[in-house]
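Engineer: From the sequence below, what's the structure:
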Amino acid sequence: MPITHSHDTLPAPQLLENHPVVSIENLNFAYPDGHVALRELSLEINQGEKIALVGPNGAGKSTLMLHLNGILNGAGELRVGGLPLKKENLPVIRALVGLVFQNPDDQLFSPTVFEDVAFGPLHMGLPESDVVARVEEALAQVNMSGFEKRLSHHLSTGQKKRIAIATVLSMRPQVLVLDEPSAGLDPRARRALIELLRELPITMLVSTHDLRMVAELFPRIIIMDEGRIVADDETSILLADEALLEKHGLEKP
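Structural biologist: Numbering: from 1, shown residues only. Have a look, this model is predicted:
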């Protein structure tokens, strides 16, 4: 399997030491209907950073996230772990960037939790013992050990979100990209998710409308509007700027 070969031979940690994990320069993207979703977008994400991506609906946040593992491919330069986003690099880039969708039902499609979390490692061609170890490791990371035999569709929304994150962690990515992780959660599940994200020792880019969570969890904020990055700074600075937040459809937490 070419994925296994690429993944096993890629010296990922060394590769990332001298590069930003993600580097984007002048990224532009329009959908087939002509809607321009990204305009001259540039940013760098460094190893270990936890960054919130905020802005009104239609700002381009989801479009940007779909570029990070090559689901979409616009004009401009995008590198992950120093590798340019090209077709031949996609298997490696998709192993480096774990994308967790807003709706966990888009990510969970196997009968059992074990099969969902094992899906990625199996497709990397790993031996069975490694797959089992990765499933156990990923479930432990999201505090869902012991759920292997449970039926994914019988779980609560909060539990499903954790399993969706585990399906990505089992691939051991370098970057975790989450779309609206706290959407649809009750207060207890939201609190548990915040603690989970706080504890995960991984570079993180999280798109969210939950600015209270942002204030608590993310040292850096990127604000997007109409396909552009309009602000990129420390969270404490940007969340204190009520005029800026109001201008871009955001409410001070």
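
Engineer: Neighbours of Pro111, how many?
Structural biologist: By the other Cβ atoms under 10 Å criterion, the neighbourhood of Pro111 contains 11 residues. Any C-beta I mention is one placed from the backbone N, CA and C, and that applies to glycine too.

Engineer: Can you list phi and psi of the closest residue to it other than its chain neighbours for me?
Structural biologist: Spatial nearest neighbour of Pro111, excluding adjacent residues (Cβ to Cβ, 6 or more residues apart in numbering): Leu151 at 6.4 Å. Here is the backbone geometry of Leu151 (degrees, to the nearest 10): phi -80, psi 120.

Engineer: can I assume Leu151 is in contact with Ser110?
Structural biologist: No. Judged on Cβ atoms under 8 Å, Leu151 makes no contact with Ser110 at a distance of 9.6 Å.

Engineer: out of those two, which sits in the more crowded spot?
Structural biologist: In this comparison of Leu151 against Ser110, neighbours counted by other Cβ under 10 Å, the higher total goes to Ser110 at 15 against 12.

Engineer: Can you tell me the SS state at the more buried one?
Structural biologist: Using DSSP: H, G, I helix; E, B strand; the rest coil, the three-state assignment for Ser110 comes out as coil.

Engineer: so who does it touch?
Structural biologist: Counting by Cβ atoms under 8 Å, 6 or more residues apart in numbering, Ser110 makes contact with Asp116, Phe119, Ser152.

Engineer: redo that, cut-off 10 Å
Structural biologist: Residues in contact with Ser110 (Cβ atoms under 10 Å, 6 or more residues apart in numbering) are Asp116, Val117, Ala118, Phe119, Leu151, Ser152, His153, Thr167.

Engineer: Would you mind giving both backbone torsions of the closest residue to Arg190 other than its chain neighbours?
Structural biologist: The shortest distance from Arg190 to any non-neighbouring residue, by Cβ to Cβ, 6+ apart, is to Ser182 (4.9 Å). Here is the backbone geometry of Ser182 (degrees, to the nearest 10): phi -90, psi 0.

Engineer: I'd say Ser182 and Asp210 touch.
Structural biologist: Yes. Counting by Cβ atoms under 10 Å, Ser182 touches Asp210, with 4.6 Å between them.

Engineer: Can you pull the residues that touch both of the two?
Structural biologist: Taking Cβ under 10 Å, 6+ apart as the contact rule, the neighbours common to Ser182 and Asp210 are Arg190, Leu193, Ile194.
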